[in-house]
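# I would like to see how this sequence folds:
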Amino acid sequence: MTKLQVRAFLYQLGCFAILFTSFRFIVDQYTNLTGYWVPLTAFAVGTLLSPKFQAVKTKDGEKLFMKWIFIKGIRVIG
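Predicted structure coming up:
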């Protein structure tokens, strides 16, 4: 794996972890779900709402791209 691929993986993992823990707390506090439904719901919401990062080799070299549901289009990160 290249340096940008590792960075993309860590960014994606970090964003998902933050959203998963946030939504797990929110689902646990504000809904009547119990048992394994709490982390399952937080996993689904975290997966859908977290941004997607990908390292791609282009003509100019390798670049890091981000796609997110709240941003139109694809952004170049690095």
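# Give me the packing partners of the helix or strand hosting R75, helices and strands only.
For R75, the element it lies in under DSSP states H and E is strand 74-76. If contacts are counted by 3 or more CB pairs under 8 Å, 6 or more residues apart in numbering; DSSP states H and E, strand 74-76 sits against strand 61-67. All C-beta spots, glycine's among them, are computed from the backbone N, C-alpha and C.
# can you pull the buried residues of the strand it packs on?
L64, F65, M66 (16 or more other CB atoms under 10 Å).
# One more: stretch 38-56?
Buried-residue list, stretch 38-56, by 16+ other CB under 10 Å: V38, P39, T41, A42, V45, G46, L49, S50, P51, F53, Q54, A55.
# that older thread, which of the buried residues of strand 61-67 lies closest to K3?
Nearest to K3, judged by CB to CB, of these is L64 at 9.8 Å.
# show me the residues around that closest one that make contact.
L4, R7, A8, F53, Q54, A55, V76, I77, G78 (CB atoms under 8 Å, 6 or more residues apart in numbering).
# Looking at the residues you listed, which two lie furthest apart in space?
Largest pairwise distance in those, by CB to CB, is 13.4 Å, between R7 and V76.
# mind listing the helices for this structure?
Assigned by DSSP state H, the helices in the chain fall at 3-30, 37-49.
# Run the chain-centre distance for the last one.
By that I understand helix 37-49. 12 Å (CA atoms, centre = their mean, to the nearest Å).
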